[in-house]
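# Okay, sequence plus prediction incoming.
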Amino acid sequence: MPRGLNGLEEVEGFRAFLVNLWDGVVDSSLDSGLAAEYLDAIIARCMAGDLGSLRFRQSLRQLMLRTVFAAVARFQCRRAISGDTDQLLATFRGLDNLVDVIEAHAGLKDKLIKAGGAPSVCFNSSDSSPDVTADQCQLLAESINDVCAVTDEFFLAKDASSDGRKRLVWFTDVENLVAHLGQLPHSGDNTYACNIRNWLGLGDVHHGEHVFGFVSTVKDVCAAKLARPTVFDGIDHRWFKHLRALASYSDSAGRALNLDRLGTEVGPFDGGWEAVTPGPKFRDQFKCIYIGRINRPTVEYDEEAVLGAILKSASSIRTYADVVAALQAKIP
């Protein structure tokens, strides 16, 4: 591996990225040649600038993202997992994100308001959560179920580029979720919303946000390519954790970082079951559920806490220096 790897630890999130990359190489979720090619490109750019400059470090962070997004077929969804086509899956998102998705469907917002009875206040601002009540969120969920159930063109990922490629959507297994958190609520349950946020590592959902869930089966979500997430799937997800802390799982899916465990010294740090698929479209068998509002202070991103949890997820004690040395020995 070219010299310069250690200097990159000054780039935000790079140390956690590198540990996750190593964990993927070790369990063969990632090809070591692909990992080396990726690092070569980042290091080459690193050698051409001043890592003491914040602006340059930020540009390196953007390069880390762009390299993956420019060739998603090579980097993402690399570890396919098999499953029962009737397996129930769920995905969750905040209201603002959901509004973005709705507005990406031409004419859908007007249909939801005029035909479905969705409250227009849900779409009134880019930061709508503070202005919307739980009852209005419930009406929005019901309108989505009524209006979108007659089409198989409802997708949960905005176009990521002009070629129509859809962004990845993250799913969890409903049976696994219910086993740990209890049944999904029939109407808003703020405590459940907070628990989902932390159990599934949804660090981009913050205090005050309303949370919605979408439930469907593998076959009805058109998830022809469910995959275990790798660090390249989670390249823009700062809370991503690749390593599964326990070896006793009977499935091959990933496990989220349990945000309730951040800052603790003892694991396990595993949260809920997780898989990804590119831009799924729902058929008519899906249900939108209003989960509730995040009403507890949220655990915000702490680079050291996330790195510590990822390092401690291993069965043996290790440091960041250990991972760098192992990676340098593994990848020429």
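Cool, the structure landed.

# those helices in the protein, which residues are they?
For the chain, the helices defined by DSSP state H cover 14-26, 32-46, 54-69, 72-75, 95-103, 108-114, 134-148, 174-181, 190-199, 303-312, 320-330.

# how far away is Glu9 from Ile144?
Taking CB to CB, to the nearest Å as the criterion, Glu9 is separated from Ile144 by 44 Å. (Each C-beta comes from the backbone N, C-alpha and C, glycine too.)

# Between the two, point out the one with more neighbours.
Ile144 (24 against 13; other CB atoms under 10 Å).

# how much space between the more buried one and Ser82?
Here the criterion is CB to CB. By it, Ile144 lies 30 Å from Ser82.

# and among the helices of the chain, the most buried is which?
Neighbour counts (mean count of other CB atoms under 10 Å) averaged over each of the helices of the chain peak at helix 14-26, with a mean of 23.

# Off-centre distance for stretch 266-274?
Here the centre of stretch 266-274 is set off from its chain's centre by 15 Å, with CA atoms, centre = their mean, to the nearest Å.

# got it, and stretch 195-208?
How far stretch 195-208 lies from its chain's middle: 11 Å, per CA atoms, centre = their mean.

# What are the contacting residues of it?
Residues external to stretch 195-208 that are found in contact with it (CB atoms under 8 Å, 6 or more residues apart in numbering): 92-94, 129-130, 170, 172, 177, 180-181, 211, 213, 237-241, 256-260, 271-272, 274, 291, 293-301.

# before we move on, what about stretch 229-239?
Defining contact as CB under 8 Å, 6+ apart, one finds that stretch 229-239 is touched by 13, 16-17, 20-21, 23-24, 29-30, 38, 64-65, 68-69, 75-79, 168, 170, 201, 203-204, 227, 240, 242, 254, 256-257, 259, 274-276, 301, 303, 306.

# Show me which parts of it are buried, residue by residue.
In terms of neighbour count (16 or more other CB atoms under 10 Å), stretch 229-239 has its buried residues at 229-235, 237-239.

# How about stretch 260-273?
Neighbour counts over stretch 260-273 (16+ other CB under 10 Å) mark 261-262, 269-273 as buried.

# Convert that stretch to CSV, retaining C-alpha atoms only.
Below are the C-alpha coordinates for stretch 260-273, written out as CSV (Å, rounded to 0.1, in the frame of the first residue of the first chain):
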residue,chain,number,x,y,z
ASP,A,260,-27.8,3.5,22.9
ARG,A,261,-24.4,1.9,23.4
LEU,A,262,-22.2,4.8,22.3
GLY,A,263,-19.9,6.0,25.0
THR,A,264,-20.0,2.7,26.9
GLU,A,265,-16.9,0.6,27.4
VAL,A,266,-18.6,-2.8,27.1
GLY,A,267,-20.3,-4.3,24.1
PRO,A,268,-22.0,-5.8,22.3
PHE,A,269,-22.7,-2.7,20.1
ASP,A,270,-24.9,-4.5,17.6
GLY,A,271,-28.3,-3.0,16.9
GLY,A,272,-30.9,-4.2,14.4
TRP,A,273,-30.8,-6.4,11.3
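
# pLDDT (mean, whole number) over that stretch?
For stretch 260-273, mean pLDDT is 87.

# returning to that earlier point: need the helices of the chain in CSV (columns: mean pLDDT).
CSV is the format used below for those (pLDDT from 0 to 100):
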stretch, mean pLDDT
helix 14-26, 93
helix 32-46, 89
helix 54-69, 90
helix 72-75, 88
helix 95-103, 88
helix 108-114, 91
helix 134-148, 93
helix 174-181, 96
helix 190-199, 96
helix 303-312, 92
helix 320-330, 87
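
# Same list, those, but as TSV with distance to Asp86 please.
As requested, the helices of the chain are exported to TSV (distance: least, CB to CB, whole Å):
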stretch	distance to Asp86
helix 14-26	29
helix 32-46	33
helix 54-69	32
helix 72-75	28
helix 95-103	25
helix 108-114	28
helix 134-148	20
helix 174-181	11
helix 190-199	23
helix 303-312	34
helix 320-330	39
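
# which one of these lies closest to Pro280?
Across the helices of the chain, Pro280 has its closest neighbour in helix 95-103 (11.8 Å, CB to CB).

# Show me the shaky parts of the stretch 201-332 of the chain.
For the stretch 201-332 of the chain, the stretches with pLDDT under 70 are 222-224, 246-247, 283-284, 332.

# at 80 instead, please
Applying pLDDT under 80 to the stretch 201-332 of the chain picks out residues 220-225, 245-248, 263, 265-267, 279-285, 315, 331-332.

# mind listing the strands in it by residue range?
210-217, 254-257, 270-278, 281-282, 286-293 (DSSP state E, counting those that start in this stretch).

# Among these, which comes closest to Leu112?
When those are ranked by distance to Leu112, counting by CB to CB, first place goes to strand 286-293 at 10.8 Å.

# The closest one pairs with which strands, parallel or anti?
strand 210-217 (antiparallel) (DSSP bridges).

# The strand it pairs with vs helix 134-148, what angle?
Put simply, strand 210-217 runs at 30 degrees to helix 134-148, going by axes from the mean of the first three to the mean of the last three CA atoms, to 10 degrees.
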